[in-house]
Each structure stands twice: as structure tokens, then as C-alpha cells.
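**Q** From the sequence below, what's the structure:
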Amino acid sequence: MIVRNDDHNTFQGVAFALSSVLPGVSYDRGMALANRIHSTGQAVVWSGLKETAELYWSQLEAFGLTMAPLEQ
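**A** Numbering: from 1, shown residues only. Okay, here's the model as predicted:
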């Protein structure tokens, strides 16, 4: 699952969303991912089963994150 950089989310907001939705992602890890998203334009934040990815994708989208489409 890929989160893309955008102009409306803060580092703190991205870190909070990632740590709230993705198992094993702490706020500090979320901040590191937010920095990677900002500096490279996007980052893979999670990979796994399609059904689980769809759930996480919709939850992160609800936080307002800009997501790449899920691969089919």
C-alpha cells in the first residue's frame, strides 16, 4: 500500500493516521514514513493480503491521506 505526498496533510497527521491504522507502526515510525513520503513523493507503508490492504486503505483514506490505487 502506497501513501503519496500531498499539500494538505501534516507530518504529525500522517504519523498519527499510520500509527492508528497499521499494526506495528508506532508514532515515531509513522514520522519516519511521513518524512520518506515528503522527501520521495510516496512510500510503501504496508504490504500483505488484498482484503486486509483494502481495509487499511479505506481507513487511511478516511484520515485524509492521499493513497495510490490498490493493485488489482
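
**Q** who does I2 bridge with?
**A** I2 has these beta-bridge partners by DSSP bridges: V44.

**Q** thought it was touching M67?
**A** Yes. The criterion here is CB atoms under 8 Å, and I2 meets it with M67 at 6.9 Å. Where C-beta positions appear, they are placed from N, C-alpha and C, glycine not excepted.

**Q** can you pull out the strands in the chain?
**A** With strands called from DSSP state E, the chain shows them at 2-4, 42-44, 66-67.

**Q** now what about the last one, what contacts it?
**A** Just to be clear, that refers to strand 66-67. When contacts are defined by CB atoms under 8 Å, 6 or more residues apart in numbering, strand 66-67 is touched by residues 1-6, 9, 57, 60-61.

**Q** what about 10 Å?
**A** 1-9, 14, 37, 42, 45, 56-58, 60-61 (CB atoms under 10 Å, 6 or more residues apart in numbering).

**Q** Please name the residues that touch the nearest residue in space to H8 that is not next to it in sequence.
**A** Nearest residue to H8, sequence neighbours excluded (CB to CB, 6 or more residues apart in numbering): G64, at 7.0 Å. Shown in contact with G64 (CB under 10 Å, 6+ apart): 6, 8-9, 13-14, 17.
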